[in-house]
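# give me a 3D structure for the following:
(one chain, ligands or ions: 1)
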Amino acid sequence: MSISISSVSNTTTDRGLTDRVNDGSFTESNPSTLTFTTIDLHNFLRTRRSIRRFKTDPVPDSVIQNILATATFAPSAHNRQPWRFVVIKTQEIKENLAEAMAIDFERDLTRDGLPLEKIQAQIKRSKERITSAPVAILLCLDMSEMDSYPDEKRGQAEQTMAVQSVAAAGMQLLLAVHAEGLGGVWACWVLFAQQTIQNALNLSESWEPQAMFFVGYPEIIPEVRERKSLDAVFVRR
Ligand SMILES: Cc1cc2nc3c(=O)[nH]c(=O)nc-3n(C[C@H](O)[C@H](O)[C@H](O)COP(=O)(O)O)c2cc1C
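Okay, here's the model as predicted:
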């Protein structure tokens, strides 16, 4: 399938890509039905938002699969594709996972000396995040096919390359979610409970949790969050 990018016309609609593929309006034989202008594409990239509140409507498996397939088109160091995904839709599994993670959070926050009511509020919020999203997608890093080195410096660089590759897939996943008319948010706090998540989901030791994405049809689309001015983040040399 090819998407034609043109500066001439725009026939995109609000419907998700999967809808357009499934109803036949986007096929290899008529790629011209999906023609984007450069401005459309920049607008698309700039209109993604982190969505934290979802409608209860279920997300079809075919849509999730399409999103994951697009995520795997991210670039990766040596093209080793060290990303792994776990799709969680079953309520019981979400609840078990939320309970297991809460034990780690409570232990860490107690050690931090946080007052009990603040600890409880944070735990309640994290449990609600997991259990209320129609879909949770855990993104893992698998180092087993990356290169290994005898020295720590290059070993650390290789680890960084792999983490960057996984993050690229995470970004691509969020953009595919956006393309489907869905909303999603990146949650990084799985990094604080990696082993617990591996145990709760019965994952291979080599699948290291890096991020979790909550995905569903948006209930609220927030305003754009303020961006630093370009001048503050780039220089010319
Ligand atoms: C690595 C990373 C970790 C993040 N972790 C969280 C998180 O744990 N909880 C959360 O609500 N949002 C999280 N976010 C989303 C950011 O808060 C959000 O991207 C940022 O505020 C800009 O808003 P926008 O995505 O709507 O443009 C994370 C984003 C990234 C890239």
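
# residues touching residue 129, list them.
For residue 129, the contacting residues are 52, 187, 214, by C-beta atoms under 8 Å, 6 or more residues apart in numbering. Where C-beta positions appear, they are placed from N, C-alpha and C, glycine not excepted.

# among the residues you listed, name the ones in strands.
Of the positions in these, 187, 214 sit in strands, assigned by DSSP state E.

# roughly how far apart are residue 88 and residue 111?
28 Å (C-beta to C-beta, to the nearest Å).

# who has more neighbours, these two?
More neighbours surround residue 88 than the other of residue 88 and residue 111, with 16 against 8 (other C-beta atoms under 10 Å).

# quick one on the thing from earlier: with neighbour count, pLDDT and distance to the ligand added, can I get the contacts of residue 129 in JSON lines?
What follows is the contacts of residue 129, written out as JSON lines (neighbours: other C-beta atoms under 10 Å; pLDDT from 0 to 100; distance: C-beta to the nearest ligand atom, whole Å):
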{"residue": "52", "neighbour count": "17", "pLDDT": "96", "distance to the ligand": "6"}
{"residue": "187", "neighbour count": "19", "pLDDT": "98", "distance to the ligand": "4"}
{"residue": "214", "neighbour count": "23", "pLDDT": "98", "distance to the ligand": "9"}
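
# surely residue 149 and residue 159 touch.
No: if you go by C-beta atoms under 8 Å, residue 149 and residue 159 don't touch, sitting 10.2 Å apart.

# the more surrounded of those two?
Taking other C-beta under 10 Å, residue 149 and residue 159 do not tie; residue 159 has more neighbours (14 against 11).

# host element of the more buried one?
Using DSSP states H and E, residue 159 maps to helix 152-179.

# buried residues of that helix, list them for me.
158, 161-163, 165-170, 172-179 (16 or more other C-beta atoms under 10 Å).

# equivalent analysis for stretch 118-130, please.
Buried, per 16+ other C-beta under 10 Å, within stretch 118-130: 119, 122, 123, 126, 127, 129, 130.

# phi, psi for the closest residue to the third one other than its chain neighbours please.
So that's residue 123. Excluding the flanking residues, the one nearest residue 123 by C-beta to C-beta, 6 or more residues apart in numbering is residue 102, at 4.8 Å. Backbone torsions for residue 102, taken as degrees, to the nearest 10, come to phi -60, psi -30.

# likewise for residue 93?
phi -70, psi -40.

# contacts only, for the closest residue in space to it that isn't next to it in sequence.
Of all residues not flanking residue 93 in the chain, residue 201 sits nearest, at 7.4 Å (C-beta to C-beta, 6+ apart). Going by C-beta under 8 Å, 6+ apart, residue 201 touches 86, 88, 93, 97, 138.

# now residue 188: how far from the ligand?
According to C-beta to the nearest ligand atom, to the nearest Å, residue 188 stands 4 Å off from the ligand.

# give me the number of residues near residue 83?
Applying other C-beta under 10 Å, I find that residue 83 has 24 neighbouring residues.
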